[in-house]
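1. below is the structure, and that's it, no one-letter string:
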């Protein structure tokens, strides 16, 4: 049954059978009766999980570009690189001869064959499949950069090869007969003559000798705002209109062990000089192409305030002696100087050299992540807090400790609140902040989602429950100033955590039902929450009303959002002392015939907002809410 037929059938059926079930939302539209929702209310949270950045938002096509993923010892595993040729024509090994001090492993190729007659027709060398296949599209251009040295001249063929072994693009690259006994940067641009979503990069030669390669990169020339982000994934985030962007993690930030924590200084500067690291929490290597600078840049590109979660391995865990915290505090201060300092400062000058001379608009930082229960957190936190406030009084600081039930015992501007639970419990949490303290730090609900059995890979049931929770946060936005769903991304080939907002593979993506709920709530930031009260015979109805201005039309709207978390349809009435226009009204509904429905690559729009005109709008209307649904009614005022 298609969604449209389902909704028509439901409307006809429910008008007859459920007229006795009624909920009424009374809305006070009196001038000045509302309360402004914070401008920063709704945002996005990025964590390097599920290959969200490496093989995802960061558009680098080559996996393990520096041959470091196997560890710093040699011989090293160079997965997923493979050999082109056989043991009679080429030998592949690794050594520590790289010119890059922080990533010394390089690939050595001993080419045993010599020339077209001795070597295979396509030469010998290495091949990289990227992150479960490279997406190469016809007429698109790709920049390939590599560093090489040799026992003599370098004569390479750089090619994209399809999954059916067809050549998609190819160029020669080399030293034009000159010997290259020192490391040399080489690059070329390939233009694809065909499309293949599961391609690989091949670097081959027919010239006998010894050749070393390191830091091999292949990037689309056309990226989001020209800053290296994969366009379709970046646009999906931008379409949420997030007012803040929290990065680079979660648990990824601190690592399971300090040696594997994200270190911001290792993630800035030239990409080829970044050492990369093993993210032991989620179990994979990242070259740190999406580093601290990229997080700041992406925030700016999508019009969001950056929120930096720092730990840097220093941090606040029981591995760190309180008496040794000084150098770690300096790491944090240096990070703030990188983001906010002048282009003449030590770290600000590095930012400027990366192409951003003006400071980034970094206003908020989180000290650690989910570490409140650790014995040394508070003591170390206070040292960070005092040092940051002294150096940057304007910076607002987020504590890991929850203050939704009782006040904190330490200063903070925000407290972090995370919730992952089942759908029924998430629905019930729409009242979570009704009785939270109204003084002290504000709440940052930085991670929320329905998960486990009833969430599947992103179900309708999960999304509707989350919508109720968001309405509750919206109504408590005097204390809840920011909220973001987590995780944001998942590569279908590496589901470390599910569900997620955006699912992708090498060339396509879709939003889960939870993503589309967020899409509708994006208009809440900076809107006016209207005073309203709900009378209902059902405890499965949650509703609110806001007044907002459509940025494209520059027109003012009243938006009524309502969740029906019941298996039966419900009659819903709203009434107000506010005059509405008799035209321009719309109804948006997210629902489906089965609460376990999910979107997929084959049906990416199975559960998405259904938009229709709202006929003959008035300030007093009665409508039917489908079972397990989220509805939004927009009326022009």
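-> Here it is on my side, so go on. For clarity, every value in this text was computed on a predicted model and none was experimentally measured.
2. beta partners for residue 307?
-> Beta-bridge pairing of residue 307 under DSSP bridges involves residue 246, residue 364.
3. what about it, how many residues nearby?
-> 27 (other C-beta atoms under 10 Å). For the C-beta atoms, the positions are set from N, CA and C on the backbone; glycine is no exception.
4. point out where the stretch 301-450 of the chain drops to low pLDDT.
-> For the stretch 301-450 of the chain, the stretches with pLDDT under 70 are 312-323.
5. what segments of it are strands?
-> Under the criterion DSSP state E, counting those that start in this stretch, the stretch 301-450 of the chain contains strands at 305-310, 364-367, 396-399, 414-421, 442-450.
6. over to the stretch 51-200 of the chain?
-> 82-84, 90-95, 106-111, 124-128, 134-136, 141-150, 153-161, 167-179, 184-191, 196-205.
7. for this protein, what spans make up the helices?
-> 3-17, 115-118, 231-238, 251-254, 292-301, 326-340, 346-353, 377-391, 423-428, 460-475, 513-521 (DSSP state H).
8. quick revisit: any idea which of the strands of the stretch 51-200 of the chain scores lowest on pLDDT?
-> Lowest mean pLDDT within those: strand 167-179, a mean of 92.
9. run through the neighbouring helices and strands of it.
-> strand 141-150, strand 153-161, strand 184-191 (3 or more C-beta pairs under 8 Å, 6 or more residues apart in numbering; DSSP states H and E).
10. can you do 7 Å?
-> If contacts are counted by 3 or more C-beta pairs under 7 Å, 6 or more residues apart in numbering; DSSP states H and E, strand 167-179 sits against strand 153-161, strand 184-191.
11. out of the ones you listed, which is closest to residue 634?
-> With C-beta to C-beta as the criterion, residue 634 lies closest to strand 184-191 of the helices and strands packed on strand 167-179, at 45.4 Å.
12. in the closest one, which residues are buried?
-> Residues of strand 184-191 classed as buried under the neighbour-count rule (16 or more other C-beta atoms under 10 Å) are 186, 188, 190.
13. look up the closest residue to the last one, ignoring the ones flanking it.
-> The spatial neighbour of residue 190 that comes closest, neighbours along the chain excluded (C-beta to C-beta, 6 or more residues apart in numbering), is residue 169 at 3.9 Å.
14. what does residue 273 give?
-> Per C-beta to C-beta, 6+ apart, closest to residue 273 is residue 100, 5.6 Å.
15. could you measure from that neighbour over to residue 291?
-> As defined by C-beta to C-beta, to the nearest Å, residue 100 lies at a distance of 16 Å from residue 291.
16. and for residue 129?
-> In terms of C-beta to C-beta, residue 129 sits 24 Å off from residue 291.
17. those two: who's more crowded?
-> Shown here are residue 129 and residue 291; by other C-beta under 10 Å, residue 291 has more neighbours (27 against 20).
18. how about the more buried one: what's its closest non-neighbour residue?
-> Using C-beta to C-beta, 6+ apart, the closest residue to residue 291 is residue 267 (2.7 Å).
19. shaky segments in the stretch 1-150 of the chain?
-> Across the stretch 1-150 of the chain, residues meeting the criterion (pLDDT under 70) sit at 1-21.
20. list of residues touching stretch 179-194?
-> 99, 136-150, 152-154, 158, 160, 162, 166, 168-169, 171, 173, 221 (C-beta atoms under 7 Å, 6 or more residues apart in numbering).
21. go ahead and build a PyMOL selection from the buried members of the residues you listed.
-> Typed into PyMOL, the line below selects the buried ones among those, using 16+ other C-beta under 10 Å:
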select buried, resi 99+136+137+142+144+145+146+147+148+149+150+152+154+158+160+162+168+169+173
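22. give me the pLDDT for residue 565.
-> So residue 565 comes in at 98 (pLDDT).
23. number of nearby residues for it?
-> Residues within reach of residue 565, counting by other C-beta under 10 Å, total 26.
24. quick one: contacts for it?
-> 427, 464, 465, 468, 540, 628.
25. same question for residue 619.
-> Per C-beta under 7 Å, 6+ apart, neighbours of residue 619: 575, 576, 578, 579, 580.
26. and the residues you listed, which two are furthest apart?
-> Pairwise over the contacts of residue 619, using C-beta to C-beta, the maximum falls at 575 and 579, 12.4 Å.
27. more crowded one of these two?
-> Between residue 575 and residue 579, residue 575 has the larger neighbour count (other C-beta under 10 Å), namely 14 against 11.
28. tell me the bridge partners for that one.
-> residue 26, residue 620.
29. what distance do you get for it to residue 209?
-> Residue 575 is 84 Å from residue 209, by C-beta to C-beta.
30. now residue 53. Nearest residue, chain neighbours left out?
-> Nearest non-adjacent residue to residue 53 (C-beta to C-beta, 6+ apart): residue 290, at 3.7 Å.
31. related to what we said a few turns ago, can you pick the most crowded of the contacts of residue 565?
-> That'd be residue 465 among these, by other C-beta under 10 Å, with 33 neighbours.
32. OK, contacts around it?
-> 423, 426, 427, 450, 565.
33. nearest to residue 234 among the residues you listed?
-> For the contacts of residue 465, the nearest to residue 234 is residue 450 (25.7 Å; C-beta to C-beta).
34. just give the closest residue to residue 287, not the sequence neighbours.
-> Residue 287's closest residue in space is residue 276 (C-beta to C-beta, 6+ apart), at 4.3 Å.
35. pretty sure that neighbour contacts residue 68?
-> Yes: Residue 276 lies in contact with residue 68 (C-beta atoms under 7 Å); the separation is 5.4 Å.
36. so how many other residues sit close to the nearest residue to residue 418 once chain neighbours are set aside?
-> Of all residues not flanking residue 418 in the chain, residue 447 sits nearest, at 4.2 Å (C-beta to C-beta, 6+ apart). Using other C-beta under 10 Å, the number of residues around residue 447 comes to 21.
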